[in-house]
Structure formats: C-alpha cells, structure tokens
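Peer 1: Predicted model and sequence follow; I will ask about them next.
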Amino acid sequence: MERSTRQRSAIRTVIDDAGRPLSPQEVLDAAQGEVPGLSLATVYRNLKQLLEAGEIQSVSLPGDSPRYESAHHDHHHHFQCTECGRVFDVHACPGDMAQLVPEGFTVARHELTLYGRCADCAPARRSGRKRVASSSSSP
C-alpha cells in the first residue's frame, strides 16, 4: 500500500498546487515527475478515491471530460481557453442571479463558465502564429 499512498499524495499535491482544474492527462503529466511509473489508470483510480474522500471535486463543462480541483476552494467560476482547452479559475462572481430567472422561480446555485483565449494563446492568435497545442487547423 505504500506505493498507492505515494501515488495518491503526488496526485493530490499536483491538483492542490495547480491553481486551476486539471484533466486526468494533465494530472498524469505533472505527477510523473514525482512518481515516474505512474499510469493513467492509476490516476483515474486515485481521482475516484480522492473524490469519495471529499479532498477534490469534479469540474464538469458542457461537451468536455471532467477536470479536477481541490475541494477547498471558495465559490468561484471557470474560464476555458478555446485554443488550448485549458480551464482556469475565475475568483469573481456576478452575484445574485435571482433577477435573471422567471417570476416565481428561485435560484438554488449557479455555475458560470467563460470562454475565450487564455493569456498564452491570445498573443499567438493575434500575431498569426499557430499554437502547437491547438488541434484547430485555422490560424
């Protein structure tokens, strides 16, 4: 069990230190520096255990696989880069959404996702260069 504990600890540290939601592949890539033999199957197994323990939470975005972040965040929203696909935390909130719903409805909670280009991708797009990480064939 020592190996599993070391793997889980490395995965939890990667997620806690990332400062943004990570895909399982991003978790694997970062955690392999600490645990070189780590596999994607082991990452998924440990993500499930960390979710069940309440140490991390899943971030679900429409049309995308879940990403994972620390469960110790205050209320926040997300920004997804349309070029590289990375997701970032947005620590601001527009506040009360009650004014947006039809009369007689009540808001229990809300989630907001902004879409656009991150700071790394925006300059590359403006200068006409293609990003290596982009799967799009348009400039």
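Peer 2: It's in.

Peer 1: Break down this structure into its helices, ranges please.
Peer 2: Ranges of helices within the chain are 2-18, 24-31, 40-52, 121-126, based on DSSP state H.

Peer 1: From the centroid of the protein, which residue is nearest?
Peer 2: residue 21 (2.0 Å; Cα atoms, centre = their mean).

Peer 1: Contact partners for that residue?
Peer 2: For residue 21, the contacting residues are 59, 67, 68, 69, 78, 87, 89, by Cβ atoms under 8 Å, 6 or more residues apart in numbering. The way it works is simple: take the backbone N, C-alpha and C, and place the C-beta from them, glycine included.

Peer 1: if we go to 7 Å?
Peer 2: By Cβ atoms under 7 Å, 6 or more residues apart in numbering, the contact list for residue 21 reads 59, 67, 68, 69, 78, 87.

Peer 1: Poorly predicted segments of this protein, please.
Peer 2: Residue ranges of the chain with pLDDT under 70: 1-4, 124-139.

Peer 1: from what I can see residue 114 touches residue 88, true?
Peer 2: No. Assessed by Cβ atoms under 7 Å, residue 114 is found out of contact with residue 88, at 9.1 Å.

Peer 1: Need the overlap of contacts for these two.
Peer 2: residue 79.

Peer 1: quick one, which of the two is more surrounded?
Peer 2: A direct count of neighbours by other Cβ atoms under 10 Å for residue 114 and residue 88 places residue 88 higher, at 16 against 10.

Peer 1: Just list whatever residues bridge to the more buried one.
Peer 2: residue 79 (DSSP bridges).

Peer 1: From residue 35, how far out is it?
Peer 2: Counting by Cβ to Cβ, to the nearest Å, the gap from residue 88 to residue 35 is 26 Å.
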